[in-house]
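K.L.:
here you go, sequence then predicted model.
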Amino acid sequence: MSTPSRLIFGFHSTLAKLRHDPEAVREIYVDAGRKDSRLRDLVRQAEFAGVRVLPVAGSRLESMAPGARHQGVIATVDATQRHVTLDDILETLEEPALLLILDGIQDPHNLGACLRVADAVGAHAVIAPKDRAVGLTQTAVKVASGAAETVPYITVTNLARTLREIKEHEICVIGTDASAGKDLYAAGWPAASAWVLGAEGDGLRRLTREACDQLVSIPMLGSVASLNVSVAAGVCLFEARRRLASPSLAG
């Protein structure tokens, strides 16, 4: 019986897999039309790992992963191999980290939508606790519309401890809380940031809140009291991405 396989998309996921779990990578398909240095670096890494690289037409990639944001890179990997860890991701970054952390999200539709937001904004990973959270179900994967393969989804045993470890990498951990003293647009933060959002209604758990470097609120000008978690994630992450594009805005 052959070992089951799956596809992963994009540079971050593929490079992390090559560097930390190369035996799981079967082959990599790349857009034959791309000649940039980023792709050349990936090809060199693949050759070093002994992984076959297949240049193909862009239309072939689109047929392999319809609608996916694959960036011209699709890898076939063993489905039974270990998942990429947070350290794997952080060690491959060539820009300040942008992470999304979900504390206790129970609805698979919300998780899938958050993955789509993370993909759209170019977040490097989505992190969630193993317990008291929905997990990457078939519904979540379907709602994510391909983002479950482009954005690494990392589950951890102890979220508060993981937040402390993230801070050791000089990444600012920012929690969202309606009662925070500063709103998103008045607050400042360094280039590398990790955004922590809790479940609707419950918000952040106490230990999670205490592990954050700071808390910010999203200003609400209408009659509703809160936003869906995926909408809130989009507001925060796109503001963080905007400031990354304009270093003078960093706090």
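P.N.:
Received, thanks.
K.L.:
could you use CA atoms for every contact and neighbour count after this?
P.N.:
Will do.
K.L.:
pLDDT below threshold where in the stretch 1-150 of the chain?
P.N.:
Judged by pLDDT under 70, the stretch 1-150 of the chain has its weakly predicted residues at 1-3, 80-83, 146.
K.L.:
one more time with 80, if that's ok
P.N.:
Confidence mapping of the stretch 1-150 of the chain against pLDDT under 80 gives the ranges 1-4, 12-13, 16, 20-21, 67-69, 79-84, 138, 141-142, 145-150.
K.L.:
the strands in it, which residues?
P.N.:
All strands of the stretch 1-150 of the chain, identified by DSSP state E, counting those that start in this stretch, fall at 5-9, 25-31, 52-56, 73-78, 98-103, 125-129.
K.L.:
turn those into CSV, columns for mean neighbour count and distance to residue 45.
P.N.:
Output for the strands of the stretch 1-150 of the chain, formatted as CSV (neighbours: other CA atoms under 10 Å; distance: least, CA to CA, whole Å):
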stretch, mean neighbour count, distance to residue 45
strand 5-9, 19, 16
strand 25-31, 21, 11
strand 52-56, 16, 10
strand 73-78, 22, 13
strand 98-103, 25, 24
strand 125-129, 24, 21
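K.L.:
how deep is the closest residue to residue 209 other than its chain neighbours tucked in, by neighbour count?
P.N.:
Excluding the flanking residues, the one nearest residue 209 by CA to CA, 6 or more residues apart in numbering is residue 175, at 6.6 Å. Other residues near residue 175 come to 24 when the count uses other CA atoms under 10 Å.
K.L.:
try residue 84
P.N.:
Burial of residue 84 is recorded as 18 neighbouring residues (other CA under 10 Å).
K.L.:
pull the contacting residues for the spatially closest residue to it that is not a sequence neighbour.
P.N.:
In space, and not counting its chain neighbours, residue 84 is closest to residue 17: 6.5 Å by CA to CA, 6+ apart. Contact analysis of residue 17 by CA atoms under 8 Å, 6 or more residues apart in numbering lists 24, 25, 84, 88.
K.L.:
re the thing from before, residue contacts, the residue nearest to residue 209?
P.N.:
Residues near residue 175 by CA under 8 Å, 6+ apart: 195, 196, 197, 204, 209, 212, 213, 214, 215, 216.
K.L.:
the fourth one and residue 211, how far apart?
P.N.:
Meaning residue 204. 11 Å (CA to CA, to the nearest Å).
K.L.:
same check, this time on the third one
P.N.:
With the distance defined as CA to CA, residue 197 ends up 13 Å from residue 211.
K.L.:
neighbour count for those two, which is higher?
P.N.:
With neighbours defined as other CA under 10 Å, residue 197 and residue 211 compare such that residue 197 has more, 26 against 18.
K.L.:
contacts only, for the residue lying closest to that one once chain neighbours are set aside.
P.N.:
Closest residue to residue 197 apart from its sequence neighbours, by CA to CA, 6+ apart: residue 102 at 5.2 Å. Contact analysis of residue 102 by CA under 8 Å, 6+ apart lists 126, 127, 128, 129, 196, 197, 198, 199.
K.L.:
before we move on, the earlier item: so can I have a markdown table of the strands of the stretch 1-150 of the chain showing distance to residue 37?
P.N.:
Below are the strands of the stretch 1-150 of the chain laid out as a markdown table (distance: least, CA to CA, whole Å):
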| stretch | distance to residue 37 |
| --- | --- |
| strand 5-9 | 18 |
| strand 25-31 | 13 |
| strand 52-56 | 15 |
| strand 73-78 | 14 |
| strand 98-103 | 23 |
| strand 125-129 | 23 |
